[in-house]
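Trainee: output the structure for:
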Amino acid sequence: MISRDPAIALAEITWRWVFGLVAGLVMVFSVLVYLSTIPVPAPALWLMDTRRAALIGGTVAQLVHGSGWAATKLTLIGLPALAVFWIVLASLGRTATIQMMLSSSPQCRARWQHMVPISFLRFTTWFAANVALYGALILAAMATTGLKNPLGTALLIFFALSIVILSAWSMLNWLLTLASIYVIRDDEESFSAISSAVDLLRRGFGPLLATSSAWAIVRSIALGAAIFLDLIALALLRRVPPGYVLVAIFVITLTYLAFADFVYVGRLASYVAIVEADLEPPPPDVLPVPVTPEPSSPPPILPFSPELPAGS
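Mentor: Now for the predicted structure:
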């Protein structure tokens, strides 16, 4: 599909990378604004110049103490703006990619505004998962208060809760991804599309799970290869100037992200193919036409010829 229409992968990579670039710039600007609100007296600079980890850590802790309100204000301003930007951009990008995948379907006439509720639900589930992870961290710390070695137990509780939270979020995000196909293809409302996606899961859970697992294996292999190459680049840090190492890590990371977006498009195209096959009307049942046997014709009646006696 992508070899026939490369704009599908280009559209997916474009909207994802545009959001990543904007989000990165917003985060850098927010950090700079946050640091500008922290007064740094001369004794603090002297302690940080000592290059001792204990003194630097204590100094930084004293400097950021009481600056939580500034960080909270930046978060309350930046996060909603990024959320709105992602919802709009994701709606535009998802509509463009699915419409190109469904270009042969005459029913594919949905507008990008119809994808906004699905994108909003996807952001809401992501935000809820992050809040739940933060709550799991607090719960793990509270549950291990008073133990002799609380760190290991707290990490075990946190990881166990994290697996449950991330699994629930992954399942919901998977369901909303399937629902977006019905929104674009059949111009359904959000909850109706989610209901159709649930019905598809009940009918074809096996093919969907096999498809997702196959693409997950491909992406895991690519991630492992990227981490391996990054470790090789870091191992050459003593022999190669640090600038070249940073450039190599940056190029490897961008290559992996581009391939991950390509894999995501492939997985989405697989879901579209499964949905299209599920929505195709079944072939009509051809009933066997009973064959009426032809009536057997009676044997011909020969004229009666009496035998004459010999010599007559």
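Trainee: any low-confidence regions in the stretch 151-300 of the chain?
Mentor: Scanning the stretch 151-300 of the chain for pLDDT under 70 picks out 278-300.
Trainee: swap that for the stretch 1-150 of the chain, please
Mentor: In the stretch 1-150 of the chain (pLDDT under 70), the answer is 39-69, 103-110.
Trainee: now do the helices in the protein.
Mentor: 7-36, 42-48, 53-64, 68-101, 116-143, 150-186, 190-203, 205-235, 242-279 (DSSP state H).
Trainee: could those helices go into a markdown table alongside distance to residue 1 and mean neighbour count?
Mentor: Where you see a C-beta, it was placed from the backbone N, CA and C, and this is true even at glycine. Formatted as a markdown table, those follow (distance: least, CB to CB, whole Å; neighbours: other CB atoms under 10 Å):
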| stretch | distance to residue 1 | mean neighbour count |
| --- | --- | --- |
| helix 7-36 | 7 | 15 |
| helix 42-48 | 55 | 12 |
| helix 53-64 | 50 | 13 |
| helix 68-101 | 7 | 17 |
| helix 116-143 | 22 | 16 |
| helix 150-186 | 14 | 17 |
| helix 190-203 | 20 | 17 |
| helix 205-235 | 14 | 13 |
| helix 242-279 | 5 | 16 |
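Trainee: gap between the closest residue to residue 13 other than its chain neighbours and residue 267?
Mentor: Once flanking residues are discounted, residue 13 sits nearest to residue 261: 4.8 Å by CB to CB, 6 or more residues apart in numbering. Per CB to CB, to the nearest Å, residue 261 is found 11 Å from residue 267.
Trainee: now do residue 187: how many residues are near it, please.
Mentor: 15 (other CB atoms under 10 Å).
Trainee: phi, psi of it?
Mentor: phi 60, psi 40 (degrees, to the nearest 10).
Trainee: from what I see, it and residue 114 are in contact.
Mentor: Yes: with contact defined as CB atoms under 8 Å, residue 187 counts as touching residue 114 (6.7 Å).
Trainee: any idea how far residue 197 is from residue 115?
Mentor: Relative to residue 197, and taking CB to CB, residue 115 is found at 14 Å.
Trainee: er, residue 92 actually
Mentor: With CB to CB as the criterion, residue 92 and residue 197 are 21 Å apart.
Trainee: quick one, what contacts the residue nearest to residue 13?
Mentor: 9, 12-13, 16-17 (CB atoms under 8 Å, 6 or more residues apart in numbering).
Trainee: 10 Å instead?
Mentor: Applying CB atoms under 10 Å, 6 or more residues apart in numbering to residue 261 gives the contacts 9-10, 12-17.
Trainee: check residue 80 too.
Mentor: Contacts of residue 80 (CB under 10 Å, 6+ apart): none.
Trainee: hang on, the earlier thing: overlap in contacts of residue 187 and residue 114?
Mentor: Going by CB under 10 Å, 6+ apart, residues that sit against residue 187 and also against residue 114 are residue 193.
Trainee: before we move on, back to that, shared neighbours of residue 115 and residue 197, which are they?
Mentor: When CB under 10 Å, 6+ apart defines a contact, the residues bordering residue 115 and residue 197 alike are 179-180, 183.
Trainee: who touches the spatially closest residue to residue 101 that is not a sequence neighbour in this structure?
Mentor: Distances taken as CB to CB, 6+ apart put residue 272 closest to residue 101, at 4.7 Å, once the chain neighbours are dropped. By CB under 10 Å, 6+ apart, the residues touching residue 272 are 1, 97-98, 101-102, 105, 178, 181, 184-185.
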